[in-house]
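Enquirer: No sequence on hand, only this structure:
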Ligand SMILES: [Zn+2]
Ligand SMILES: [Zn+2]
């Protein structure tokens, strides 16, 4: 027991290594750009002031979004998705699998759940003892179920999901802007050092490395950013891009795709002035999402949040009532 606790503790410490690496590179780039380039190499005051000011805007936005992506805790399913004490007792005491399945069906009927496991079963997390909301997945690193889980990112040592997806996208954008700005402004001094127009001193080493590191990060980020732009436009998480969500009618990659504009609004919110700032503006609460196949009047996010009240709604109201009559649906536990 003590050994496994020790291992977990070591794992937690090691998981911060990528964040420490990124932070060290960024701190070095700050020193190299502001001091070695702007203060020690540049002589034109206007150029110096402009570079320092614009650099600080990029630097602050990068740090702010990186901080938010790292330290925003992943959101987990609300209490109504957990088995109640009596349901749990009933479920665990029951030895007949069919009756166990029926217990889960009854609970799921009261919840706004439209997706199923690959087998057609209701998605149940055995470890968290809850019925997974649509787009929610269990993260084995965080050891919890995460709403609209995208992926667990080692570079931010956090789960990227409903609570911080906007911050993660902004982090990618500002990282690229930071790299582009550095590369664009450093390039002419790189050439001057290269042809010997500037003295062969310590600043030369920093300026050469600034350009290489900025270009290297920019190229790798470009692919990741491009991929996530495509995912946002299609309203898919990384997990859903690999394995299409399964609905009552079967898998549908575009199940949550309600059009590019609405897809963007879901992540970034209605107020465009806040799109570029890492403040939470995503729509909904992460438990249910508009479906392509439902018109807006039936849309759980846009029109009928009230119907899924704390009491779980009535059986007559429940869209999931179809499950009971669908012979293709089986209930088992999804890990
Ligand atoms: Zn879980
Ligand atoms: Zn995680």
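Expert: Thanks, I have the structure now. Please read these numbers as outputs of a predicted model, since none were measured by experiment. Ligands and ions are numbered 1, 2, ... in the order given.

Enquirer: looking only at pLDDT, what's the mean for the helix ranked longest in the chain?
Expert: Longest helix in the chain, counting residues (DSSP state H): helix 202-234. What helix 202-234 shows for mean pLDDT is 94.

Enquirer: Following that helix in sequence, what is the next regular element?
Expert: Of the helices and strands lying after helix 202-234 in sequence (DSSP states H and E), the nearest is helix 238-242.

Enquirer: Show me where this protein has its strands.
Expert: Counting by DSSP state E, residue ranges of the strands within the chain are 115-116, 124-125, 130-131, 137-139, 144-146, 151-153, 158-160, 246-247, 250-251.

Enquirer: Nearest to residue 44, out of these?
Expert: strand 151-153 (40.5 Å; C-beta to C-beta). C-beta: built from backbone N, CA, C; applies to glycine.

Enquirer: So what are the sheet partners of that closest one and their directions?
Expert: strand 158-160 (antiparallel) (DSSP bridges).

Enquirer: Show me what the strand it pairs with is in contact with.
Expert: Contacts of strand 158-160 with the rest of the structure, by C-beta atoms under 8 Å, 6 or more residues apart in numbering, involve 69-74, 139, 141-142, 146, 149-153, 164, 168.

Enquirer: Show me which of those residues are buried.
Expert: 69-70, 72, 74, 139, 142, 146, 149-153, 164, 168 (16 or more other C-beta atoms under 10 Å).

Enquirer: Show me which pair in these is furthest apart.
Expert: Maximum pairwise distance among those (C-beta to C-beta): 16.5 Å, between 70 and 149.

Enquirer: Residue 125 touches residue 132, doesn't it?
Expert: Yes: using C-beta atoms under 8 Å, residue 125 makes contact with residue 132 at a distance of 5.6 Å.

Enquirer: who's more crowded, those two?
Expert: Comparing residue 125 with residue 132 by other C-beta atoms under 10 Å, the one with more neighbours is residue 132, at 25 against 20.

Enquirer: List the contacts of the more buried one.
Expert: Contact analysis of residue 132 by C-beta under 8 Å, 6+ apart lists 77, 81, 113, 123-125, 138, 145, 334.

Enquirer: quick one on the thing from earlier: please identify the buried residues of the longest helix of the chain?
Expert: Buried residues in helix 202-234, counted by 16+ other C-beta under 10 Å: 203-204, 206-211, 213-215, 217-218, 221, 225, 228, 231-232.

Enquirer: And residue 46, how far from ligand 1?
Expert: Using C-beta to the ion, to the nearest Å, residue 46 is found at 57 Å from ligand 1.

Enquirer: how deep is that residue tucked in, by neighbour count?
Expert: Residue 46, neighbours per other C-beta under 10 Å, totals 8.

Enquirer: neighbouring contacts of stretch 37-52?
Expert: 33-34, 55, 185-186, 189, 198, 203, 206-207, 210.

Enquirer: and which of the residues you listed is nearest to residue 267?
Expert: For the contacts of stretch 37-52, the closest approach to residue 267 (C-beta to C-beta) belongs to residue 55, at 28.2 Å.

Enquirer: Kindly report the residues of the stretch 1-150 of the chain close to ligand 2.
Expert: Residues of the stretch 1-150 of the chain lying close to ligand 2 (C-beta under 5 Å from the ion) are 139, 141-142.

Enquirer: switch the cut-off to 8 Å
Expert: Contact residues (C-beta under 8 Å from the ion) of the stretch 1-150 of the chain with ligand 2: 74, 139-142, 144, 146, 149.

Enquirer: Among those, which pair sits farthest apart?
Expert: 74 and 140 (12.9 Å).

Enquirer: which residues in this protein form helices?
Expert: Counting by DSSP H, one finds helices in the chain at the ranges 2-14, 17-30, 45-71, 85-93, 97-109, 165-194, 202-234, 238-242, 260-268, 321-325.

Enquirer: most packed of those?
Expert: Ranked by mean neighbour count, the helices of the chain are led by helix 165-194 with a mean of 20 (mean count of other C-beta atoms under 10 Å).

Enquirer: Contacts (any at all) between ligand 2 and that helix?
Expert: No: shown here: helix 165-194 not in contact with ligand 2 (C-beta under 8 Å from the ion), separated by at least 12.5 Å.

Enquirer: what's the angle from that helix to helix 260-268?
Expert: 90 degrees (axes from the mean of the first three to the mean of the last three C-alpha atoms, to 10 degrees).

Enquirer: So out of everything in the stretch 201-335 of the chain, what residue is nearest ligand 2?
Expert: Residue nearest to ligand 2 within the stretch 201-335 of the chain: residue 239 (11.5 Å; C-beta to the ion).

Enquirer: how near is that residue to residue 112?
Expert: 20 Å (C-beta to C-beta, to the nearest Å).

Enquirer: Residue 25 too?
Expert: Taken as C-beta to C-beta, the span from residue 25 to residue 112 is 44 Å.

Enquirer: Any residues of this structure in contact with ligand 1? List them.
Expert: Residues of the chain lying close to ligand 1 by C-beta under 8 Å from the ion are 125-128, 130, 132, 137-139, 143-145.

Enquirer: Done for today, thanks.
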